[in-house]
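**Q** Model the structure of this input:
(one chain, ligands or ions: 3)
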Amino acid sequence: MSKTKEQYVEILSHFPIEGSVEVIEPFGNGHINDTLKVVTDSGEIRYILQRVNHHIFTNVDMLQGNIDKVTKHIRKKLEEHGEKDIDRKVLTFLPTKDGKLYYYDGENYWRVCLFIPRSRSFEEITPELSYEAGKAFGDFQFMLSDLPEGALGETIPNFHNMEFRLQQFHDAIKENAAGRLNEVQSLVDEIEKRAKAMCIQEELYREGKLKKRTNHCDTKVNNILFDENGKVLCVIDLDTVMPGFVLSDIGDFIRTGANAGAEDDENLDRVYVNMDIFKAYTRGYMETAKAFLTPIEISMLPYGGRLLTYMQTVRFLTDYINGDTYYKIHSPKHNLIRTKAQFKLLQSLEEHAVEMEDFMKEWL
Ligand code: ADP
Ligand code: GN1
Ligand code: MG
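**A** Ligands and ions are numbered 1, 2, ... in the order given. As a prediction, the model looks like this:
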């Protein structure tokens, strides 16, 4: 439910904002939180105000504690490396006037961060930008690789655990809460066919062959800020930074950046993998991530693209079957449209699997 400007100004009054608020309006395309930009009497966008979706991020203390640790850790690394433009290279969240990491108004949780000047994000990118993004996400994981185990909590437990996502999917099928199962049976069958092959990470982990690392877990294209010269400033949207499997952070970029169409494209002819974007991202990513990846992880990177696309297909379809309780939707069948587009991308990734695996040989 959107609020009046006066109500937003009241919320902002709990943070040490400079100047008076002139304009406050929605920003970005997120499916979970509400994001607003705040223009002050300086005439510039100065702040980002976000309402945390606490039905999804139920432990806001853990969430904001994680973000505080991650941003401080990265800031320290940048300082050690003599970085000059630090305030554009890492997000800065403002504590409230009484020193808290967020403001609770009795109903909702709010946070404020500095708007990074002269920055922009993209929904679609070029191979050049993709290469830069790959380096940035590899570097992000590398900078966080020395966080002690247990430093960060799982803000959404089992977030990218495929076995868990399939369990939720099966529960949704059993309930059939919105009576939509018949309509989607052929998609359900396609998901079932692939289920075992998509749970390899969890198996390897149990066998002690794969470890957990700190990942971003939402490496969508639009979660990177670029400067005016196409160089990466920083990685944003840090809600899901948590321990998990390394494939998450290449997988979700392949799913979003290397998709020639949109995540919810109704024209499925537009949805297929753009191999130039895949190659450029992988090249950039390997440049920074080869410092810590194991051979088994490297060999699995193309599988990561399929896995995250499959996982997203499962998650959108689960939400459709449940009656749209999780993702914000903009039309009645939005989650079904998203499911079909993700499944089409998965098929394209499957068709290109051998070519993608061949491309990895350079690093093996
Ligand atoms: P959401 O959960 O809505 O995806 P994000 O944190 O990703 O929230 O923000 C949405 C969009 O707002 C981003 O894609 C980016 O374009 C812009 N944005 C967010 N934070 C900043 C910031 N600190 N400086 C500049 N732009 C930002
Ligand atoms: C959600 O908030 P946003 O739009 O960046 C979701 C991701 C999905 C993505 C699909 C907490 O991300 O996991 O991949 O939508 N975030 C959460 O577009 O569930
Ligand atoms: Mg985002």
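
**Q** how about stretch 278-294: buried residues?
**A** For stretch 278-294, burial by neighbour count (16 or more other C-beta atoms under 10 Å) applies to 278, 279, 280, 281, 282, 283, 284, 285, 286, 288, 289, 293. C-beta coordinates here come from the backbone N, C-alpha and C atoms, glycine included.

**Q** which parts of the stretch 101-250 of the chain sit against ligand 2?
**A** 218, 220, 237, 240 (C-beta under 6 Å from any ligand atom).

**Q** what's the distance between the residue in the stretch 51-200 of the chain positioned nearest to ligand 3 and residue 29?
**A** The minimum distance from the stretch 51-200 of the chain to ligand 3, using C-beta to the ion, falls at residue 121 (8.0 Å). Computed as C-beta to C-beta, to the nearest Å, the residue 121 to residue 29 distance reads 10 Å.

**Q** any idea how far residue 159 is from residue 26?
**A** From residue 26 to residue 159 the distance is 25 Å (C-beta to C-beta).

**Q** These two: which has the busier surroundings?
**A** residue 159 (19 against 11; other C-beta atoms under 10 Å).

**Q** looking at it, that one is touching residue 241, isn't it?
**A** No - the pair residue 159 / residue 241 is not scored as a contact, 10.5 Å apart, by C-beta atoms under 8 Å.

**Q** residues touching residue 234, list them.
**A** 88, 89, 90, 91, 116, 136, 224, 225 (C-beta atoms under 8 Å, 6 or more residues apart in numbering).

**Q** Could you do residue 33 as well?
**A** By C-beta under 8 Å, 6+ apart, residue 33 lies in contact with 50, 51, 52, 53, 239.

**Q** go with 7 Å
**A** By C-beta atoms under 7 Å, 6 or more residues apart in numbering, the contact list for residue 33 reads 50, 51, 52, 53.

**Q** Can you give me the separation between residue 141 and residue 237?
**A** Counting by C-beta to C-beta - residue 141 and residue 237 are separated by 15 Å.

**Q** ok, these two, which is more surrounded?
**A** For residue 141 versus residue 237, neighbours defined as other C-beta under 10 Å are more numerous around residue 141 (26 against 22).

**Q** Can you say which helix or strand has that one in it?
**A** Assigned by DSSP states H and E, residue 141 belongs to helix 127-144.

**Q** And the contacts of the very next helix or strand once past that helix?
**A** Using DSSP H and E, the helix or strand that follows helix 127-144 in sequence is helix 162-175. With C-beta under 7 Å, 6+ apart as the test, helix 162-175 has contacts from 158, 181, 188, 191, 195, 198-199, 201-202, 307, 311, 314-315, 318, 321-322.

**Q** Farthest-apart pair in these, please.
**A** Spatial extent of those (C-beta to C-beta) is set by the pair 181 and 201 at 28.1 Å.

**Q** what about the two, which has more around it?
**A** A direct count of neighbours by other C-beta under 10 Å for residue 181 and residue 201 places residue 201 higher, at 25 against 15.

**Q** which bits of the stretch 251-364 of the chain sit near ligand 2?
**A** So the stretch 251-364 of the chain meets ligand 2 at 263, 312 (C-beta under 6 Å from any ligand atom).

**Q** now the helices: where do they sit in the stretch 251-364 of the chain?
**A** Along the stretch 251-364 of the chain, counting by DSSP state H, counting those that start in this stretch, helices occupy 275-289, 295-299, 301-322, 334-351, 353-359.

**Q** Over to the stretch 1-150 of the chain?
**A** Taking DSSP H, counting those that start in this stretch as the test, the helices found in the stretch 1-150 of the chain are 5-12, 60-80, 86-89, 127-144.
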